[in-house]
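Peer 1: Pasting the sequence and the predicted coordinates here, then a few questions.
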Amino acid sequence: MSLRTVPLVVINLGGEMLYILDQRLQAHCTPEDTSDKGAGLWSENDRKRVLNDIIGTMFSQSFMDQLFGPQQPYSHRTLRTIVTRLAHASILRLNPVSMERLYELMIMAFKYQVFLCPRPKDVILITYNHIDSIKQVVKDTPAVFNQVQQTHRRLIEVREYSSLTEGEFQLLRQTMLTFLQDSHVRVSLFLKNKAQNPNGRFAMSTGGPVPHKIDVPGLIRMFDRSGRERRSEFPTGGSYSRALKEGSFELHGDRVTKLGLNMFAGNPVEETPTTKSSALKETSDIPNLLAKEELNLLARLMGSLKDQPGATDPAYQVNLFASLLEEDELGRSDPADGSTVLTIQATQDERSANELAHIAGQFAEEEQPGALTHNKGEDLLAMMDDL
């Protein structure tokens with residue numbers, strides 16, 4: 001397991017969240033003089049403000065300081081909490097159904113990119129594509145642009161990635177795929193392009209450019225003792241071509257790969273109804289040994305959450321993917337398995353914080369003197385309280 005995945009996962013998921021929110025807010029956009037956020041109509045200035053606020057929070061120095069450095073990968077539960085905090089960093093508010101669908105789309109888009117990258121090292125190029133797109137969004141806001149630029153430089157200069165061997169990059173990609181392996185939500189865009197099978201699994205292409213400095217398959221070269229060469233060909237089952245050049249790993253340049261760019265531009269962002277994967281729901285009969293730590297983390301998040309700049313402004317709820325009636329019905333429907341649903345509101349609420357603290361106390365067990373516990377997402381979410 002690689003201990004260097006956290007910055008790449010959070011930045012890439014954040015980039016996909018911005019793509020989806022931008023596409024949906026543009027669908028809700030209306031001229032400035034007729035905007036009515038209460039009725040779901042947003043102006044272009046509102047859209048830009050939401051994106052700028054989210055990007056400014058995501059790339060704040062205190063937040064990024066907690067991402068970098070060796071640490072265990074975060075769980076879906078922790079990442080979903082982070083995504084919710086980021087999405088609500090501005091005046092935008094998403095109801096639980098929209099937030100869940102947003103997270104699922106982000107996860108599936110990122111999984112598609114990691115799954116298809118030709119070389120393990122290309123996960124860095126995917127990240128750079130996301131950062132390049134984010135910089136285009138905030139190019140007219142110098143303060144936020146500089147925050148993104150500083151993180152980009154940090155990714156390039158930090159020895160954690162620049163000095164990795166091919167084997168370490170393979171371990172990095174494998175750790176990401178392990179985290180994503182049980183996510184099989186069907187997405188209409190992938191199904192339409194035949195990139196995803198009806199069971200939610202992605203289809204691997206048998207053609208296209210091979211990785212840089214790799215020979216096109218189909219040729220066998222054999223040498224005898226005297227050095228004479230014999231060649232024979234074999235059918236590859238696909239149409240492959242040689243990569244013309246390698247993507248740039250610098251601050252600016254052609255990344256070559258299209259993975260990490262906005263797939264949703266000009267396409268409706270939809271999710272095809274299906275049974276949600278166990279990884280996203282994280283329901284299991286096996287006891288969660290980190291339940292106490294995660295409840296403590298959420299209690300601290302809600303109890304000590306500090307206001308964001310502009311948090312005194314009124315917040316407006318947006319239904320991203322369906323009508324309000326449909327989402328209300330989905331939200332009210334009882335679970336098929338009869339399990340209890342706990343609704344968590346990620347805003348400052350002293351009573352909720354006390355409740356969570358009480359529940360967490362029930363998980364307390366006798367600990368040996370001097371024994372210390374540490375939650376892999378605890379430091380990061382504690383720092384988010386100060387954002």
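Peer 2: Thanks, I have the structure now. Residues are numbered from 1 along each chain as shown.
Peer 1: on contacts alone, who are the packing partners of the helix or strand hosting Arg230?
Peer 2: Using DSSP states H and E, the element containing Arg230 is strand 229-233. Applying 3 or more C-beta pairs under 8 Å, 6 or more residues apart in numbering; DSSP states H and E, we find strand 229-233 packed against strand 219-223. (C-beta placed from N, C-alpha, C; glycine too.)
Peer 1: Identify all contacting residues around the strand it packs on.
Peer 2: Residues outside strand 219-223 that contact it (C-beta atoms under 8 Å, 6 or more residues apart in numbering) are 229-234.
Peer 1: out of these, who's nearest Phe110?
Peer 2: Phe234 (34.9 Å; C-beta to C-beta).
Peer 1: In contact with the closest one, which residues are there?
Peer 2: By C-beta under 8 Å, 6+ apart, the residues touching Phe234 are 218, 220.
Peer 1: Kindly list the main-chain dihedrals of it?
Peer 2: For Phe234, the backbone dihedrals (degrees, to the nearest 10) come out as phi -140, psi 150.
Peer 1: Which positions in the helix ranked longest in the chain come out as buried?
Peer 2: Ranked by residue count and defined by DSSP state H, the top helix of the chain is helix 6-28. Residues of helix 6-28 classed as buried: 6-25, 28 (neighbour count, 16 or more other C-beta atoms under 10 Å).
Peer 1: Just after that helix, pick out the following helix or strand.
Peer 2: Counting by DSSP H and E, what follows helix 6-28 is helix 44-58.
Peer 1: May I see the buried residues of that next one?
Peer 2: 46-58.
Peer 1: need those in JSON lines with distance to Pro118 and pLDDT, can you?
Peer 2: Formatted as JSON lines, the buried residues of helix 44-58 follow (distance: C-beta to C-beta, whole Å; pLDDT from 0 to 100):
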{"residue": "Asp46", "distance to Pro118": "39", "pLDDT": "84"}
{"residue": "Arg47", "distance to Pro118": "35", "pLDDT": "87"}
{"residue": "Lys48", "distance to Pro118": "35", "pLDDT": "89"}
{"residue": "Arg49", "distance to Pro118": "38", "pLDDT": "90"}
{"residue": "Val50", "distance to Pro118": "35", "pLDDT": "90"}
{"residue": "Leu51", "distance to Pro118": "31", "pLDDT": "92"}
{"residue": "Asn52", "distance to Pro118": "34", "pLDDT": "93"}
{"residue": "Asp53", "distance to Pro118": "35", "pLDDT": "93"}
{"residue": "Ile54", "distance to Pro118": "31", "pLDDT": "94"}
{"residue": "Ile55", "distance to Pro118": "29", "pLDDT": "95"}
{"residue": "Gly56", "distance to Pro118": "33", "pLDDT": "93"}
{"residue": "Thr57", "distance to Pro118": "33", "pLDDT": "92"}
{"residue": "Met58", "distance to Pro118": "28", "pLDDT": "93"}
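Peer 1: from the residues you listed, which is closest to Asn95?
Peer 2: Looking across the buried residues of helix 44-58 and measuring by C-beta to C-beta, the closest to Asn95 is Val50, at 15.9 Å.
Peer 1: What separation do you get for Gly218 and Arg153?
Peer 2: Distance of Gly218 to Arg153, given as C-beta to C-beta, to the nearest Å: 41 Å.
Peer 1: With just CA atoms, put stretch 198-216 into CSV.
Peer 2: This file holds the C-alpha atoms of stretch 198-216, laid out as CSV (Å, rounded to 0.1, in the frame of the first residue of the first chain):
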residue,chain,number,x,y,z
PRO,A,198,-24.4,-2.7,-17.9
ASN,A,199,-23.1,-4.2,-14.7
GLY,A,200,-21.2,-1.0,-13.9
ARG,A,201,-17.7,-2.3,-14.8
PHE,A,202,-15.5,-0.4,-17.2
ALA,A,203,-14.6,-1.9,-20.6
MET,A,204,-10.9,-2.0,-21.5
SER,A,205,-10.1,-0.7,-25.0
THR,A,206,-8.1,-3.0,-27.3
GLY,A,207,-6.4,-0.3,-29.3
GLY,A,208,-5.0,3.3,-29.3
PRO,A,209,-1.6,4.7,-28.5
VAL,A,210,0.8,2.6,-26.4
PRO,A,211,2.7,4.2,-23.5
HIS,A,212,5.6,6.4,-24.4
LYS,A,213,8.8,4.5,-25.2
ILE,A,214,6.9,1.3,-25.5
ASP,A,215,6.9,-0.8,-28.8
VAL,A,216,3.7,-1.5,-30.6
